[in-house]
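K.L.:
Show me the folded form of this:
(2 chains)
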Amino acid sequence: MDWVNTIVQGVLLGGLYAMFATGLSLMFGIMRLVNIAHGDFIVLASYLALVVVTSLGLSPLISLVIVVPLMFVIGYVLQRYLLNKTLGDDILPPLLVTFGMSIILQNVLLEVFSADSQKLSAGALDIASITVSDQLSVGVMPLIVFISGVAIVGGLQFLFYKTELGRAFRATSDDQDTARLMGVNNSHIFALAMAIAMAVVAIAGVFLAMRTNFDPTVGPARLLYGFEAVIIGGLGSLWGTLAGGIILGVAQAVGAQIDPGWQIMTGHIVFLVILIFRPRGLFPRSVD
Amino acid sequence: MSRLKIQNLTAGYGDFQALFGIDLELNAKETVAIIGSNGAGKSTFMRSIAGLLKNAPDAVQFKGENIGDLPANKVVEKGIALVPEGRRLFPSLSVEENLLMGAYSKRKGPWNLNRIYELFPILKEKRNNPGTALSGGQQQMVAIGRALMSNPELLLCDEISLGLAPTTVKDIYKAFPAIQEDGTTVLVVEQDINQAMAVSDRIYCFQEGRVSLEGKPGEVSKDDIKAAYFGM
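P.N.:
Residues are numbered from 1 along each chain as shown, chains lettered A, B, ... in the order given. Predicted structure coming up:
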């Protein structure tokens, strides 16, 4: 039963990792942009939630109403007026610019909020659980995070494959010049894609802050988990990203069950094994 | 007033200049063909009109308005659609999604999905297939249909017979009368001289980025074309 419990907890953790990864997957899938500052934006969202919660006295979940639109706007402006200028045939400029942004964000957060570890308390939700059997309980908060992760992936899948905007996203990703010939303003479309990615980052950041301690330096590790989930799932595939997050979460949980010190290492090992046998991930998009 | 007026158009890629002061006019409801050998600047010319290459504002005038410096997404809103060389279908979109992308600019007009399917019935059968899974000729139909979905007043067709079997080319050109019926002006780039002569009211020949010949199909001789085409 211990192992069933471990796997269930791993799956639920995977929901959070999938959220970390979905934004990355969107940015790479549409703009071919590798955002090194992705983890730091997750942490920025956590701190924005902290400010909202402490200054307005709202619950962390309600803070999403403010943090998500705020990150949406930040994403739009960032892509439209900075990152679009770095995109082109050369992959290096966006890497360098987002690497720079990562350093700036970490240091600004350190300056403003200090290195003290923070956590958002959700009150009774923090310890609420559903008892499935004598030996298996499922935390309500991890369950909310997991369901949110699945809902986000499902929602984005609908947006991408059932709406005109999604069609424009995919067309622009396929061929920017031809998309322009159809009347698509690529700068605006890319900025919208980044805005949506940042809205997902905002949700991930708030849930991260509710689930665990955070400080200005934890971003790069979230980036790493996000990358691993995206690559395990297959570049550009949203359901694949969810699967990648779950596999990573389960791997870490199993590792921790064997020995607590093995948690992170087991995730990396599974990632490497998948990379060796399936370099394009488990569910790669057919057109890349 | 001419529908499209090109004056002293120069264009190129970086340091490489491909067009050297092109002048050309198209009247409403006219079909004009541009012929010329590889590297003559025909596709660069089409890309310039469509807004993929930036020009001086007055180098391209459409219905009296200077549009030479507009980006491609604004040019299509004005009523100019390009069927690009090599079809350039969106690989991750189905046939129907490719066609719907053509309507992204939301221009009003006679063309919609049903009319495209009437024009090219095979596309209705294959509407859920990936665009790039079709034969070359069917892909070309999608590319033409996609351009028509923007309800253009000027349709630019760049090398639509390239790489296709002669019978397929004939099938595709059979659609032209229906396109012209609605008053759409058509500018085609065509390497097949006989085909160009058959569909056009006037022809221009390009050679090394300049206009080397202009005339009506019945009025230019084979020798004129040979001289203008090859510079002999």
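K.L.:
switch to C-alpha atoms for all contacts and neighbour counts from now on
P.N.:
Noted.
K.L.:
ok, the residue of chain A found nearest chain B - contacts?
P.N.:
Closest to chain B within chain A is A:Gly183: 3.7 Å, counting by CA to the nearest CA. Residues counted as contacts of A:Gly183 (CA atoms under 8 Å, 6 or more residues apart in numbering or on different chains) are B:Ala72, B:Asn73, B:Lys74, B:Val75, B:Val76, B:Glu77, B:Tyr104, B:Ser105.
K.L.:
give the contact list for the fifth one.
P.N.:
B:Val76 sits next to A:Leu181, A:Met182, A:Gly183, B:Ala50, B:Ser105, B:Ser150, B:Pro152 when contact means CA under 8 Å, 6+ apart.
K.L.:
how close does the fourth one get to chain A?
P.N.:
Counting by CA to the nearest CA, to the nearest Å, the separation of B:Ala50 from chain A is 7 Å.
K.L.:
Next, count neighbours for that residue.
P.N.:
Neighbour count of B:Ala50, defined by other CA atoms under 10 Å in any protein chain shown: 29.
K.L.:
re earlier: would the residue of chain A closest to chain B count as being in a strand?
P.N.:
No - using DSSP: H, G, I helix; E, B strand; the rest coil, the assignment for A:Gly183 is coil, not a strand.
K.L.:
and it, backbone torsions?
P.N.:
Torsion angles at A:Gly183 (phi, psi; degrees, to the nearest 10) stand at phi 110, psi 10.
K.L.:
so what's it closest to, chain neighbours aside?
P.N.:
Excluding its sequence neighbours, the residue lying closest to A:Gly183 (CA to CA, 6 or more residues apart in numbering or on different chains) is B:Asn73, at 3.7 Å.
K.L.:
What is the burial count for that neighbour?
P.N.:
Residues lying near B:Asn73 (other CA under 10 Å) number 23.
K.L.:
Please apply the same query to the one 10 residues further on.
P.N.:
Other residues within reach of B:Val83 by the criterion other CA under 10 Å amount to 28.
K.L.:
Which of the three states applies to the residue nearest to it when sequence neighbours are not counted?
P.N.:
Excluding its sequence neighbours, the residue lying closest to B:Val83 (CA to CA, 6+ apart) is B:Cys157, at 4.8 Å. Under three-state DSSP, the three-state class of B:Cys157 is strand.
K.L.:
show me what contacts B:Cys157?
P.N.:
Applying CA under 8 Å, 6+ apart to B:Cys157 gives the contacts B:Leu82, B:Val83, B:Pro84, B:Glu85, B:Ile144, B:Val186, B:Leu187, B:Val188, B:Val189.
K.L.:
what about the stretch of helix or strand the fifth one belongs to, distance to the chain center?
P.N.:
Just to be clear, that refers to B:Ile144. Assigned by DSSP states H and E, B:Ile144 belongs to helix B:136-148. In terms of CA atoms, centre = their mean, to the nearest Å, the centre of helix B:136-148 is set 12 Å apart from its chain centre.
K.L.:
mind listing what residue 134 touches?
P.N.:
The chain I'm using is chain A. With CA under 8 Å, 6+ apart, A:Asp134 has no contacts at all.
K.L.:
Check the spacing between it and A:Val140 real quick.
P.N.:
According to CA to CA, to the nearest Å, A:Asp134 stands 17 Å off from A:Val140.
K.L.:
same check, this time on A:Gln79
P.N.:
36 Å.
K.L.:
out of the two, which sits in the more crowded spot?
P.N.:
Comparing A:Gln79 with A:Val140 by other CA under 10 Å, the one with more neighbours is A:Gln79, at 22 against 16.
K.L.:
Which of the three states applies to that one?
P.N.:
Secondary structure assignment for A:Gln79 (three-state DSSP): helix.
K.L.:
Surely it and A:Ile196 touch.
P.N.:
No - the pair A:Gln79 / A:Ile196 is not scored as a contact, 11.2 Å apart, by CA atoms under 8 Å.
K.L.:
average pLDDT for the helix or strand containing A:Val68?
P.N.:
Using DSSP H and E, A:Val68 maps to helix A:60-78. The average pLDDT for helix A:60-78 rounds to 97.
K.L.:
List the residues that contact whichever residue of chain B sits closest to chain A.
P.N.:
Closest residue of chain B to chain A, CA to the nearest CA: B:Asn73 (3.7 Å). Applying CA under 8 Å, 6+ apart to B:Asn73 gives the contacts A:Arg180, A:Leu181, A:Met182, A:Gly183, A:Val184, A:Asn185, B:Gly51, B:Ser105.
K.L.:
from memory the third one sits against B:Asn98, does it?
P.N.:
No - here A:Met182 lies out of contact with B:Asn98, judged by CA under 8 Å, at a distance of 9.9 Å.
K.L.:
of those two, who's got more company?
P.N.:
Using other CA under 10 Å as the criterion, A:Met182 and B:Asn98 rank with A:Met182 on top: 32 against 25.
K.L.:
contacting residues for the residue nearest to that one when sequence neighbours are not counted?
P.N.:
In space, A:Met182 comes closest to B:Gly102 once its chain neighbours are excluded; the distance is 5.3 Å by CA to CA, 6+ apart. The contact partners of B:Gly102, by CA under 8 Å, 6+ apart, come to A:Met182, B:Gly145, B:Arg146, B:Ala147, B:Leu148, B:Met149, B:Ser150.
K.L.:
and the lowest-mean-pLDDT helix or strand in chain B, what does it pack onto?
P.N.:
Every helix and strand of chain B was ranked by mean pLDDT, DSSP states H and E. The lowest is helix B:222-230, at a mean of 77. Packed against helix B:222-230 by the contact rule (3 or more CA pairs under 8 Å, 6 or more residues apart in numbering or on different chains; DSSP states H and E) you find strand B:202-207, strand B:210-215.
K.L.:
Just the angle for that helix relative to strand B:202-207, thanks.
P.N.:
Comparing the axes of helix B:222-230 and strand B:202-207 via axes from the mean of the first three to the mean of the last three CA atoms, to 10 degrees yields an angle of 40 degrees.
K.L.:
Much appreciated, bye for now.
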